Structure formats: C-alpha cells, structure tokens
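Colleague: Let me see the structure of the following:
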Amino acid sequence: MKSLLISWVGAADLDASNGKQDLDVGPVASALLQSNNRFDHVYLLTNYDFRRSKKYCSWLNKKTGYKPSQVDLCAINLSSPINYGEIYDQVSRNLLKAGLPNPDVELTFHTSPGTPAMAAIWIVLAKTRFPAKLIQTSRENGLATVDFNFDLANDFLPEYLQRAGDRAQRLANATEAQNPEFNKIITKCTLVRTQISLAKRIAAYEVPVLVLGETGTGKELFAEAIHAASTRADQPFIAVNCGAIAPELANSELFGHKKGSFTGASSDRKGYFVEASGGTLFLDEIGDLPLDSQVRLLRALQSQEIIPVGQSKPIKVNTRVLAATHKDLASEVLAGRFREDLYHRLAVGIIKLPPLRDRAGDIGILASHFLTLINADSQGKPEAQHKSLNKGAMEILCSYSWPGNIRELYHTILRAVIWSQTSEITGKDIQDALLPQAGPVSGDHWQTLSRDFNLQDFLDQTAVKYISQALKQTGFRTTAAANLLGFTNHQTLANWIKRLGISIEGKKDR
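Modeller: Numbering: from 1, shown residues only. Predicted structure coming up:
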C-alpha cells in the first residue's frame, strides 16, 4: 500500500522557504522531516500565487530530500480561505479527480497549514468520504497524530435518524390542511395519498422540491398542485423540459442572454428564471441538464441571483424551483453526470410517485375518469358517440402493466374511443389500442419452455449479447461501456465479464 500525504501550503511554509523564519522550516517540511517513515508521495494544495508555491516546492525538495517526482502541487482557487462550503466542495472534487479514495493508497491529511476552516474540512473528509489519518505539527510538540475518535455510523446517524423520525411523526399527526388544488389527482391508492399529504405540507414552505417517478406518473400534475397551494399561486408557473433543450442553448434558455453574446443572439432574452420570478419554475427531466448549466442552477438556488450569458453583472430573482426526473439521481451523481451539491440542494422536499402498476385500484377509476373527460370533450361534435367500457375492456385495462403509466392509459382510452365502431368499448377495442411493448427480447425470440430449458443459461446468454454490444459501441472502454449498461462502475462490469468468460480484444482500461 502506498502512503500519500495531502496538505495545504500555508503562510508559515512560504515564509520558511523565503528565510523569514530562521529556526522553523514550516509545518509541511516539519512533518516530512520528523515522520518515522517517508511518504511515497506528497500532494500539496495552494490558494496562493502558483509560481510562488512552485518555488516553495523546489525549496521543499532540497530541504527534505524528496524528489520532484514525489511532490505534486495543485492550485485551488477560493473566494475566501474561511468559506467552509467552498473549501469542502473544491477539495472533494480535487481528490475525486485524483482517483481517491483508493484501497491501495493510505491517506494522511496534515491539519496544521492553512486556516481553521481548512483544518476543519480535513477532519470532516477524513471521517466520511476520504478515510485518512490526521496529523499536526507545532514548534512545541513537533509532529503528532490528531486523536479524534469519531464514528459517523455509531455516534451520529442513530441520533440524527431518531430526530428525523420524531419530526416525521409530528408532521403525520398534524392536522392536514384542506387543499382543493390537489383534487385533480385522482386516486384511492395509499401510496399516492401519502405523497399528496406530503406535497400539501411542502407547498407551504419556500423550498426546492424534487419529484421522482417514472415517465408518465404525473410529476408535472403534482408540481402544478404544489404551486397552486403555495403563496405564489397568483404568480407565473412555467414548466420547462430540460431534455428538450439543446445542451448548447440551455444556459441561454434558463438564464437569458445579452444581444450579440453568441452567434444567433440577435436580441436580449430574459430566460425562464426571470420570466418565472415571483412564481415557480418547474424543471422537468432535470437529470438531462448539462453540467455547466447545473453550476449556474446551483448558484441561482443558493444566492437567488443569475448571470445571463454575455453579462457580468448578476440579476436578483425570486423564483421557486420544482424539479422532476425519471432518473436515479444518486446513481447519476456517482457516474459524474450530476453534481452532488446540486442534488442535495434540490432534494429539500422529495415526492416519490409510484408507477401505475403499483397503484392498487387506480387503473379502473382513472380509466373511467378519462373516458368521462373524453366524452365531455367530444359532445356535440359530428359523428361523436357517447362511449362506455364493458367488463371485458375493464379487465384488460386492469391486467395490463402500463409501462407508460398514466399518460399511456389516457392515450389508450382515447384511441379506443376513436377506433371503436359502437358505443360500447370492448376488450378487443382496448387490445387493438394498446401500443406494442418495447423490450430487449421480441416475441419471436421467446424460447419454448421444456424440461431442457435453463433460465440462468438464457439470462447469461442475453447478458453476453448486450455486454459485447456495449463494448464494441464504446471501443472496448470499460468505463463507457459500464455507463451504457447502467452499471455503477467499471469494476462491476469487469466482474460480469470475468464470470461470463467474455473475450475482450483490443481492450482499453477506461
């Protein structure tokens, strides 16, 4: 296992290298000289002038005997050396880019150089995301280990979860306000009613909300109800599908732009944030937002101000953000496609909508509700008939899995109304109106079950097919192939490849 020392370059270190401290070599050099075992590598972070810090590294090499190849220097630009949040964010990202944590690397954080805020962040990181030893140096006591016994799981989480549970119970016992704005949500399912109850409470607070659920589960309907039940009800509600915006135009669409700021910007544009100011901005499919736009969105949420493209002066906005996605954002964070800090900033209020197949008893009442709306809309139109669903039609509706959820149910009823020849919609009418289900295996490829059939062999053959296809599509880059297949990391894919005995020609590690 290789040993790695990570430390800030402090003012005392720079002064020592300039000869301003006759007897003191500074915290970093002191740690390297006094350590019983030499570190394999030293990784220094600096918020000072990079050239000045580079000269310090040359002095440090001569003073301690460490080779230049053993000491790396990285510039960290901070607006303030006492901004805890910024220090945590910048250092965490830097360490992740450096491939840490790594089971083959023993980390040591030096807490003495830098500000108290920097030292505090080392402690937080060492006890959470980047397990590490902690050391400190002083003129009086020399090099010492920081004795800080703290177990996040045993010392903190149980107490935190208990407090969270107590608060949830108080909310559950509170008298629920009557919000007619939620009457559009048709359900008798306990799972959905629980989310409605939570949404009613969230509506009263000026906090961001994240609505999670498969495509077609009614995420925008919930967002509209939350807005209508809030104090912003008489202000704009603007819905934006982030997946429908071209990545290169996302910043302009959301935050506006100045005339001439890029090719095609023939006039100023306010952007959706300004248009929704005072009201609510609903960002659907937030998981498709480009990373650079995620940075701007985080700033808007934290400081309630935006900077249009091509402009340097920020604009204050008063916009509540509701976001929705069908993606697993936690997995997107791990894959590096979604910012962790933005995820936590959005997920203050979380609504989780179940798929229609899990909403016991709702398919029938929703089908009847949609048919009533369609009948009312077509009333008085030429050749329109008042339609009804017979028993066979309802049985097929209730037994179907509805991969497209509520949206698919509505359009199936609409197609059946249009295509049926009589006033009664039959099971055959519904069957004809259902869309063919997409899937990895078409009906022509289903194997006939027999005594020789082996399900595990069939699944393994399918896995070999798609893993091989993903590797070919990505030029045998395992990380890219793992992302394509939905694995959380390339090591998981490597385990599958090994188990299935898949041959990789022209293999690339990444």
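Colleague: In this protein, which residue is most central in space?
Modeller: residue 329 (3.3 Å; Cα atoms, centre = their mean).
Colleague: Kindly state the beta-bridge partners for the nearest residue to residue 7 once chain neighbours are set aside.
Modeller: Excluding the flanking residues, the one nearest residue 7 by Cβ to Cβ, 6 or more residues apart in numbering is residue 110, at 3.5 Å. In short, each C-beta sits where N, CA and C put it, glycine included. Beta-bridge partners of residue 110, counted by DSSP bridges, are residue 7, residue 135.
Colleague: which residues does residue 110 contact?
Modeller: With contacts defined as Cβ atoms under 8 Å, 6 or more residues apart in numbering, the neighbours of residue 110 are 5, 6, 7, 8, 27, 28, 31, 122, 135, 136, 137.
Colleague: Is residue 385 located within a helix, as I assumed?
Modeller: No - going by DSSP: H, G, I helix; E, B strand; the rest coil, the assignment for residue 385 is coil, not a helix.
Colleague: Could you pull up the contacting residues of the closest residue to it other than its chain neighbours?
Modeller: Counting by Cβ to Cβ, 6+ apart, residue 423 is the residue found nearest to residue 385 once chain neighbours are left out, at 4.9 Å. Neighbouring residues of residue 423 by Cβ under 8 Å, 6+ apart: 385, 386, 387, 388.
Colleague: related to what we said a few turns ago, surely the residue nearest to the centre of the chain and residue 338 touch.
Modeller: Yes - Residue 329 lies in contact with residue 338 (Cβ atoms under 8 Å); the separation is 5.6 Å.
Colleague: okay, and the common contacts of the two?
Modeller: Joint contacts of residue 329 and residue 338 (Cβ under 8 Å, 6+ apart) are residue 287.
Colleague: show me where the stretch 151-300 of the chain has helices.
Modeller: According to DSSP state H, counting those that start in this stretch, the stretch 151-300 of the chain carries its helices in the segments 157-173, 190-203, 219-228, 250-255, 272-275, 291-303.
Colleague: quick one: which of those has the weakest pLDDT on average?
Modeller: Of all the helices of the stretch 151-300 of the chain, mean pLDDT reaches its minimum on helix 157-173 (a mean of 62).
Colleague: so how far is residue 387 from the residue nearest to residue 385?
Modeller: For residue 423, the distance to residue 387 (Cβ to Cβ, to the nearest Å) stands at 6 Å.
Colleague: Show me how the record splits this protein into domains.
Modeller: If you go by automatic domain parsing, the domain ranges for the chain are 2-145, 173-354, 357-433, 456-500.
Colleague: Least reliable of the ones you listed by average pLDDT, please.
Modeller: Here those differ in mean pLDDT, and the lowest is domain 456-500 at a mean of 83.
Colleague: Can you give me the end-to-end span of it?
Modeller: Taking Cα to Cα, to the nearest Å, domain 456-500 runs 12 Å from one end to the other.
Colleague: now stretch 204-219
Modeller: 18 Å.
Colleague: Can you point out the buried residues in it?
Modeller: 208, 209, 210, 211, 212, 213, 214, 216, 217, 218, 219 (16 or more other Cβ atoms under 10 Å).
Colleague: again with stretch 335-348
Modeller: Neighbour-count burial for stretch 335-348, with 16+ other Cβ under 10 Å as criterion, is recorded at 335, 337, 338, 339, 340, 341, 342, 343, 345, 346, 347.
Colleague: From one end of that stretch to the other, what's the distance?
Modeller: Termini of stretch 335-348 sit 22 Å apart (Cα to Cα).
Colleague: cool, and stretch 468-477?
Modeller: Start-to-end span of stretch 468-477 (Cα to Cα) is 12 Å.
Colleague: Pull out the buried residues from that stretch.
Modeller: Within stretch 468-477, the residues scored as buried using 16+ other Cβ under 10 Å are 468, 470, 471, 474, 476, 477.
Colleague: Equivalent analysis for stretch 238-247, please.
Modeller: So stretch 238-247, judged by 16+ other Cβ under 10 Å, has buried residues 238, 239, 240, 242, 245.
Colleague: Strands - which of the residues you listed land there?
Modeller: Of the buried residues of stretch 238-247, the ones assigned to strands by DSSP state E are 238, 239, 240.
Colleague: Please identify which of those is nearest to residue 378.
Modeller: Among these, residue 239 lies closest to residue 378 (Cβ to Cβ), at 26.7 Å.
Colleague: tell me, how many neighbours does residue 275 end up with?
Modeller: 17 (other Cβ atoms under 10 Å).
Colleague: Over to residue 15?
Modeller: Applying other Cβ under 10 Å, I find that residue 15 has 14 neighbouring residues.
Colleague: doesn't residue 26 make contact with it?
Modeller: Yes - using Cβ under 8 Å, residue 15 makes contact with residue 26 at a distance of 7.1 Å.
Colleague: want to throw the buried residues of stretch 468-477 into JSON lines with secondary structure and distance to residue 399?
Modeller: Listed next are the buried residues of stretch 468-477 as JSON lines, based on DSSP: H, G, I helix; E, B strand; the rest coil; distance: Cβ to Cβ, whole Å:
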{"residue": "468", "secondary structure": "helix", "distance to residue 399": "36"}
{"residue": "470", "secondary structure": "helix", "distance to residue 399": "34"}
{"residue": "471", "secondary structure": "helix", "distance to residue 399": "39"}
{"residue": "474", "secondary structure": "coil", "distance to residue 399": "39"}
{"residue": "476", "secondary structure": "coil", "distance to residue 399": "44"}
{"residue": "477", "secondary structure": "strand", "distance to residue 399": "43"}
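Colleague: how close does residue 399 sit to residue 363?
Modeller: Distance from residue 399 to residue 363, by Cβ to Cβ: 9 Å.
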